[in-house]
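1. Okay, sequence plus prediction incoming.
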Amino acid sequence: MFIKIKFLLNVVWIYIAVVHCSYAQDIEVIVGMKRLGIPKELLVFQNEIERSGQYGFDSLDEVVLEAPKMKLGFDADPQGKLSVILKPSSLTIEKYGVSADAYNAWNRKGIYVDAVVKDDGEITKIAYRPAYPMFWHNFRNSRKESNDAAAIPWLGYCNTLPKSETQCFRVISHLGIASEIRYPESHIGNIDRIVSAYKELLDSWAV
């Protein structure tokens with residue numbers, strides 16, 4: 001059964017659908033306008049996704065998966081996984097290559113006019129003052145104002161809760177899909193390698 005679920009995003013109709021579900025190794029989905037064949041064992045909520053494909057239950061607005069670290073450029077920790085959320089790419093991500101909030105933080109606009117800025121020599125943290133130290137954006141410390149998205153060295157945004165490990169999130173646009181990669185702050189030095197390997201993984205799923 002082929003099901004299309006529509007929703008409006010930035011005045012553009014975007015589609016996300018389950019195309020084919022079976023007991024085979026891959027489950028085919030459409031995210032944005034791209035068809036992907038994702039290995040079944042990587043999908044979170046795979047049973048709900050299968051039911052949506054077979055019976056039309058539950059509208060889907062995102063796909064959640066857990067990508068093995070071994071496929072994301074890590075030699076060690078073969079059992080480890082990183083969580084990724086796939087959604088149709090927004091116009092902001094397509095235009096700037098970073099989230100709108102990260103763009104504003106980098107250029108000190110909007111709520112970031114009076115931002116908290118912490119520079120440790122390698123990474124610059126920029127935060128909305130009332131939210132710090134619970135939430136902030138990480139950038140490489142080559143700070144300069146820029147309207148060129150390619151020149152914004154965004155590493156992702158991070159949040160932390162008492163007695164828990166700080167988690168960071170990097171949003172990328174590839175194949176018309178916005179992917180939010182969740183990773184521990186301890187992996188921040190590897191984020192470029194993670195993103196590169198993830199894009200290759202996403203390419204390999206394209207149908």
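-> In hand now; what should we look at?

2. from memory Val195 sits against Val171, does it?
-> No. Contact between Val195 and Val171 fails when scored by C-beta atoms under 8 Å: they sit 10.2 Å apart. Placement of C-beta: from N, CA and C, glycine included.

3. Neighbour count for these two, which is higher?
-> When Val195 and Val171 are compared for neighbours, Val171 comes out ahead with 22 against 19, by other C-beta atoms under 10 Å.

4. what helix or strand is that one on?
-> For Val171, the host element (DSSP states H and E) is strand 167-174.

5. Direction included, what does that strand pair up with?
-> strand 154-159 (antiparallel), strand 177-184 (antiparallel) (DSSP bridges).

6. what's the first one in contact with?
-> When you say that, I think you mean strand 154-159. Residues outside strand 154-159 that contact it (C-beta atoms under 8 Å, 6 or more residues apart in numbering): 98-99, 101-102, 106, 123, 134-140, 166-171, 181, 183, 185, 188, 191.

7. Name the residues of it that come out as buried.
-> Buried positions in strand 154-159, judged by neighbour count with 16 or more other C-beta atoms under 10 Å: 154-158.

8. just the longest one next, same as before
-> Applying a neighbour-count criterion of 16+ other C-beta under 10 Å, one finds 177-181, 183 buried in strand 177-184.

9. residues contacting the residue nearest to the spatial centre of the chain?
-> With distances taken as C-alpha atoms, centre = their mean, Glu180 lies nearest the centre of the chain, 0.9 Å away. Contact analysis of Glu180 by C-beta under 8 Å, 6+ apart lists 84-85, 87, 169-171.

10. and it, what pLDDT?
-> pLDDT for Glu180: 91.

11. Need the buried residues of strand 154-159 in TSV (columns: distance to Asp119 and pLDDT).
-> Formatted as TSV, those follow (distance: C-beta to C-beta, whole Å; pLDDT from 0 to 100):
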residue	distance to Asp119	pLDDT
Trp154	15	90
Leu155	13	92
Gly156	17	93
Tyr157	17	95
Cys158	15	95
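
12. Setting aside sequence-adjacent positions, which residue approaches Tyr132 most closely?
-> Closest residue to Tyr132 apart from its sequence neighbours, by C-beta to C-beta, 6 or more residues apart in numbering: Val116 at 4.4 Å.

13. Report the beta-bridge partner residues of the one you found.
-> As for beta bridges, Val116 partners with Ala127 under DSSP bridges.

14. Give me the neighbour count for it.
-> Neighbours around Val116, by other C-beta under 10 Å: 15.
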